[in-house]
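Predicted model, plus sequence, below.
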Amino acid sequence: MKANSARRRPVQPAAAHRGTEKTNSNTENPGTEARPSASSSVIPGNVWKCIWHLKTPPKDEFVEHMLLLCPWVEPIWFGGPLNYRVNRANISNFPAWVLSFIGSDLGSKDEIARILMNVAFTCWFIWKTRCSFVYDNRGIYPNQVIMSISNSVNGFLEASVASEGHPQRNLSRPGPPACWGPPGHPFLKVNVDASWEASSKSGFAGVVIRYHAGKFVAARRGMVGATNVAAAEAAAILLGCELAKALALECIIVESDSKENILCLAQGCSRGSWEAFPVISKALRLGGLFQDCRWSWVPRSANLAAHVLASRSIPEMCDVNWVNFPPSSLVHVLNKDGLPCPH
């Protein structure tokens, strides 16, 4: 589904829960005068009649449809942190859907908590985006929503770790705050990173591509000339897109730990470093040639393979492609991710 196609789909507001008028009659003592309960008041029927005849958008959308089944939200669930593919046949109601995670065998309690945290953030941003569309006449751009979710989740985790003065419950898996995760089928992940030296105005870019099953596909290391760090990171992103195109890949997720550049790509180059702008523009145009190209920010701990390949200290040669078999410097990192690595 194209990101801009969602804005043409009319979105209906959430269903208001139709209230039931309470009579509060005393059946045990018919002669006793009926009085309103202290905890709730009686809402006259004419009030409900007035509400339901207001000239507002239709009040008939269910929570399940609004958050899970509406066509424009499906790419957000799939392209977001969980890479979740909505299965319409398995969704009866929203509470049961949430409970299915709690009672699942997807992992430890910490992993289930991490999943539910991402579910909560995703639902919030879907609701927020929908309200902006209905009431503020703003367009819907799934890539921007996915970026907002990713930024909020990672920002929350970083704040939780950095907070002092009272204990915080760790919602991430034990160890580093985040680690590399395979994309959902049919996507491949293109992880990119760059190193940069101010004195020489140059550095190295590293690209690592892996299948949805986690298997290594290809890697590339190249030298880049750049005026600042953002420009070097942008060159790495462009190099990753070029390698993916040379391999005739169709659906890719480009991951970088450069938040500035990824935000610029997600918002169509509307902001960011002017030094990086020309390269980011090229990457954006090249991304449009794929069947589906998505931009994703990740912390460095989830981008270690590309980070190692971009390091100035490793002995690997520049401008070399490794296909099917990774360079020796990456074997340890790829194995550390717990994923298949031919060597």
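That came through fine.

I'd like the distance from the spatially most central residue of the chain to I126, if you could.
Nearest residue to the geometric centre of the chain (CA atoms, centre = their mean): G80, 2.7 Å. Distance of G80 to I126, computed by CB to CB, to the nearest Å: 10 Å. Where C-beta positions appear, they are placed from N, C-alpha and C, glycine not excepted.

host element of I252?
Assigned by DSSP states H and E, I252 belongs to strand 251-256.

Neighbouring strands - and their directions - for that strand?
If you go by DSSP bridges, strand 251-256 pairs up with strand 188-197 (parallel), strand 292-297 (parallel).

S152: neighbour count?
When neighbours are defined as other CB atoms under 10 Å, S152 has 15 of them.

where does the stretch 1-150 of the chain have low pLDDT?
1-43, 48, 51-61, 106 (pLDDT under 70).

Let's see that with 90 instead.
Applying pLDDT under 90 to the stretch 1-150 of the chain flags the ranges 1-118, 127-150.

about what we covered before: in contact with the residue nearest to the centre of the chain: list those residues for me.
By CB atoms under 8 Å, 6 or more residues apart in numbering, the residues touching G80 are N118, T122, I146, I149, S150.

same thing but 7 Å
Neighbouring residues of G80 by CB atoms under 7 Å, 6 or more residues apart in numbering: T122, I146, I149.

Okay, strands next: where are they in this protein?
For the chain, strands defined by DSSP state E occupy the ranges 188-197, 202-210, 216-225, 251-256, 292-297, 320-323.

Tabulate the ones you listed (a markdown table), appending mean pLDDT.
Below are the strands of the chain laid out as a markdown table (pLDDT from 0 to 100):
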| stretch | mean pLDDT |
| --- | --- |
| strand 188-197 | 94 |
| strand 202-210 | 93 |
| strand 216-225 | 92 |
| strand 251-256 | 94 |
| strand 292-297 | 90 |
| strand 320-323 | 82 |
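
Now tabulate these in a markdown table and tack on mean neighbour count and distance to A235.
Below are these laid out as a markdown table (neighbours: other CB atoms under 10 Å; distance: least, CB to CB, whole Å):
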| stretch | mean neighbour count | distance to A235 |
| --- | --- | --- |
| strand 188-197 | 24 | 6 |
| strand 202-210 | 26 | 6 |
| strand 216-225 | 21 | 4 |
| strand 251-256 | 23 | 11 |
| strand 292-297 | 22 | 15 |
| strand 320-323 | 14 | 17 |
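
Is there a neighbour count for W77? I'd like the number.
Close neighbours of W77, defined as other CB under 10 Å, add up to 24.

and the residue nearest to it when sequence neighbours are not counted, how far is that from G45?
Closest residue in space to W77, ignoring its immediate chain neighbours: Y84 at 4.5 Å, by CB to CB, 6 or more residues apart in numbering. Distance of Y84 to G45, given as CB to CB: 42 Å.

out of those two, which sits in the busier spot?
Using other CB under 10 Å as the criterion, Y84 and G45 rank with Y84 on top: 19 against 10.
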